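Undergrad: Need a 3D model of the sequence below.
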Amino acid sequence: MKPTVLPTIHLNGTSRTTLQDNWKEVANAARALKSALINASPNGRDYYPQGENAIVPALVKHLALLDHLAEIEVFTSAMLDHLYD
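TA: Alright, predicted model coming up:
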């Protein structure tokens, strides 16, 4: 999801540099979260005692979290593109 309204850089608002720094921090946090989520992917050995297909809901939820994170990455990228134009 891309931002529908982007900030206008002007004298009475937040400086371009501050906005850039803040959104770079968001981008770095998103990369770290993506890595952590990938490392925490569900493992079938942790679910099989609950039944043959017990891992399926865990995988579905995990993929949904990665999809939400992808939305954040797209939004952040669009914001940074705007701020560096």
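
Undergrad: for this protein, which helix is longest?
TA: As assigned by DSSP state H, the longest helix anywhere in the chain is helix 55-84.

Undergrad: Next, the contact list for the spatially most central residue of the chain, please.
TA: For the chain, the residue nearest the mean C-alpha position is L69 (2.9 Å; Cα atoms, centre = their mean). When contacts are counted by Cβ atoms under 8 Å, 6 or more residues apart in numbering, L69 touches A30, L33, K34, L37. (Each C-beta comes from the backbone N, C-alpha and C, glycine too.)

Undergrad: Can you tell me how far it is from R45?
TA: 25 Å (Cβ to Cβ, to the nearest Å).

Undergrad: what does K34 give?
TA: 23 Å.

Undergrad: and what of I55?
TA: According to Cβ to Cβ, I55 stands 9 Å off from R45.

Undergrad: Check L80 too.
TA: For L80, the distance to R45 - Cβ to Cβ - is 40 Å.

Undergrad: Comparing these two, which shows the higher neighbour count?
TA: The residue with more neighbours, out of L80 and R45, is L80; 16 against 8, by other Cβ atoms under 10 Å.

Undergrad: Surely that one and A27 touch.
TA: Yes. Using Cβ atoms under 8 Å, L80 is in contact with A27, at 6.5 Å.

Undergrad: can you redo the contacts of L69 as TSV with pLDDT and distance to T76?
TA: Converted to TSV, the contacts of L69 look like this (pLDDT from 0 to 100; distance: Cβ to Cβ, whole Å):
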residue	pLDDT	distance to T76
A30	97	6
L33	98	12
K34	97	12
L37	98	16
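
Undergrad: Turn these into a markdown table, including distance to K2 and neighbour count.
TA: Output for the contacts of L69, formatted as a markdown table (distance: Cβ to Cβ, whole Å; neighbours: other Cβ atoms under 10 Å):
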| residue | distance to K2 | neighbour count |
| --- | --- | --- |
| A30 | 15 | 17 |
| L33 | 20 | 15 |
| K34 | 19 | 16 |
| L37 | 22 | 15 |
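
Undergrad: Just the ones in helices from the residues you listed, please.
TA: Those of those lying in helices (DSSP H): A30, L33, K34, L37.

Undergrad: All set, thanks.
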